[in-house]
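In: Here is a sequence with its predicted model. Questions after.
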Amino acid sequence: MDGLEKEPAAAQAIFGDHLAAGRAFTEALARHGEELGLIGPLELPRLWTRHILNSALVAPLLRPGRVGDVGSGAGLPGLVLAIMRPDVLFTLIEPMERRVAWLERQAAELQLSNVTVLRARAEESKLFGALDQVTARAVSALRTLIPVTAPLLRPGGELVLMKGAGVDAEISAAQKAIRKYRLHDEEVLVLGEGLVSEVTRVFRATVD
Ligand SMILES: C[S@@+](CC[C@H](N)C(=O)[O-])C[C@H]1O[C@@H](n2cnc3c(N)ncnc32)[C@H](O)[C@@H]1O
C-alpha cells in the first residue's frame, strides 16, 4: 500500500500469533482511514509505529474480564487490543455514527467475537460500575478524562489511560479529580523501551 510505513521488526514480537490480524487491520486502516476521517493525511508513514504498535503494547496490562475503550475512534487502542486479547471482552464506546460503523465493520471482518460497539458518550453509556478496566487514547487531558472514565469502573477496577510525554503535568492538573474519584496506586508506565522507536506511556490507577 502506497505511503504506508513498512512493518517494523518489533511487530512480530509484540503481536506474536496475532500478527496476521494486526496486519489486516493496519492495511484496512491505511486503505480507508483518511477517506473516513479516522486518521490524518500525515499518519500513513507512521501508522505502525505511532498508532498500531503504540496501542498493542498495552495488551499485557489487561486482565481477563470486561474492558471498555472510551472514544475508540479508528479502533485505537480498542480493536488492536481485541485482536491481541481474545480472553478479554471489549466494549468500544464511541458517539460518532461514522466511526461506530467502521468499528462494527472491522470487528465483523476480523471475526472478533469479543467486541461490542456501543454508540454513546461514556457519560451516557449506562455502564456505570460495570467494567473491570477502562482504556482511552487521545480523548482528553486527565483532568477531564478521569471524571468520564472512572465512574464506569467497578470497585477495585482500573484505569489504563494512554498518554503522551506531558503526562506528569496532566497528573498535577488532575489532583482534584484523582481525589474526587478516589483513585489510588496511580503510576505512569513506560512500555516498549528498547523495542520500538516511540514508547507508550500509560497512566494507571485503581478506584476504591
Ligand atoms: C481524537 S479521537 C481519538 C480516537 C482514538 N482513541 C485514537 O487514539 O485514534 C477522540 C475520540 O473520542 C471520542 N469521544 C470524545 N468524547 C467522548 C466521550 N465523552 N465518550 C466517548 N467517546 C468520546 C470522539 O468521538 C473521537 O472518536
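Out: Cool, got the structure.
In: The residue nearest in space to the middle of the chain: what's its closest spatial neighbour, skipping adjacent residues?
Out: The residue lying closest to the centre of the chain (CA atoms, centre = their mean) is P77, at 2.5 Å. When the adjacent residues along the chain are set aside, P77 lies closest to S55, with 3.4 Å between them (CB to CB, 6 or more residues apart in numbering). Glycine gets a C-beta too; all of them are placed from N, C-alpha and C.
In: what about that neighbour, which helix or strand?
Out: helix 54-56 (DSSP states H and E).
In: residues in contact with the closest residue to L76 other than its chain neighbours?
Out: Nearest residue to L76 in three dimensions, chain neighbours excluded: S55, at 4.9 Å (CB to CB, 6+ apart). S55 is in contact with L76, P77, V80, L81, R137, M162, T200, counting by CB atoms under 8 Å, 6 or more residues apart in numbering.
In: separation between the last one and H51?
Out: If I follow you right, that is T200. 11 Å (CB to CB, to the nearest Å).
In: Same question for M162.
Out: M162 is 11 Å from H51, where distance means CB to CB.
In: Same check on L61?
Out: The value you get for L61 to H51, if CB to CB is used, is 18 Å.
In: Likewise for A74?
Out: On the measure of CB to CB, A74 and H51 end up 8 Å apart.
In: which residues do those two both contact?
Out: Common neighbours of A74 and H51 (CB under 8 Å, 6+ apart) are L29, I39.
In: Cool, thanks, signing off.
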